[in-house]
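Colleague: after the sequence you'll find the predicted model.
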Amino acid sequence: MPIVHGFDPPERFVAGTVGEPGSRTFFLQASAGARIVSIALEKQQVAALAERVEELLDEVIADGSTRGVIPAITPFGLSDDAPLTQPIEEEFRAGTMTLSWDPGDERVVIEVFPVGEEPAELADGAEPAEMLLVRLEPGQARAFVKRSEAVIGAGRPACPFCGHPIDPEGHLCVRANGFKRRDP
């Protein structure tokens, strides 16, 4: 029987970071009451999840078959700019994530499995030892997307010439090749 960290719905579900730009660790954090679950993951996983959640909500709006209102933007009062809740104790590192829409409850369903315990890689009938299961109301899902985009954008600035991140110590741009660029 797997350990399921379930939140239906969570009081808070956010992406956040610990550390300085260039060496940040990304987390998904779900909480309800005193219970907090933090899952470590890669920046690209946060970006992919946020993008796909937004696409899913837009598809549900276009479908038009919902009973309730699906917000097109983050509803007023649901934005969350607060830091991750302390202490941050990593439950596991995220591997596969699944995303779906539950039409009965009109909720976004996110499942996160540990690295190496992805459902497709387990033997027949085997279950992962642990997973995160979050069921978000549509407004919460839009707020998650908005915050995730802000967290991702808060990293190192991109070089205007090559697009690679600029470190605080400086940046050797491959496009400048050691020379100053001259505008034509």
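Modeller: Perfect, I can see it now.
Colleague: what's the single longest strand in this protein?
Modeller: In the chain, with assignment by DSSP state E, the single longest strand is strand 90-102.
Colleague: now the element after it, going C-ward?
Modeller: Next in sequence after strand 90-102, counting helices and strands by DSSP states H and E, comes strand 107-114.
Colleague: where does pLDDT dip in this structure?
Modeller: 118-125, 176-184 (pLDDT under 70).
Colleague: hang on, the earlier thing: what lines up beside the longest strand of the chain in the sheet?
Modeller: The pairing partners recorded for strand 90-102 under DSSP bridges are strand 35-41 (parallel), strand 107-114 (antiparallel).
Colleague: and it, what's buried?
Modeller: 91-92, 94-97, 99, 101 (16 or more other Cβ atoms under 10 Å). Bear in mind the C-beta positions are built from the backbone N, C-alpha and C, glycine included.
Colleague: now render those as a markdown table, adding distance to residue 33.
Modeller: Supplementary listing: the buried residues of strand 90-102 in a markdown table, determined by distance: Cβ to Cβ, whole Å:
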| residue | distance to residue 33 |
| --- | --- |
| 91 | 17 |
| 92 | 21 |
| 94 | 23 |
| 95 | 27 |
| 96 | 28 |
| 97 | 24 |
| 99 | 25 |
| 101 | 26 |
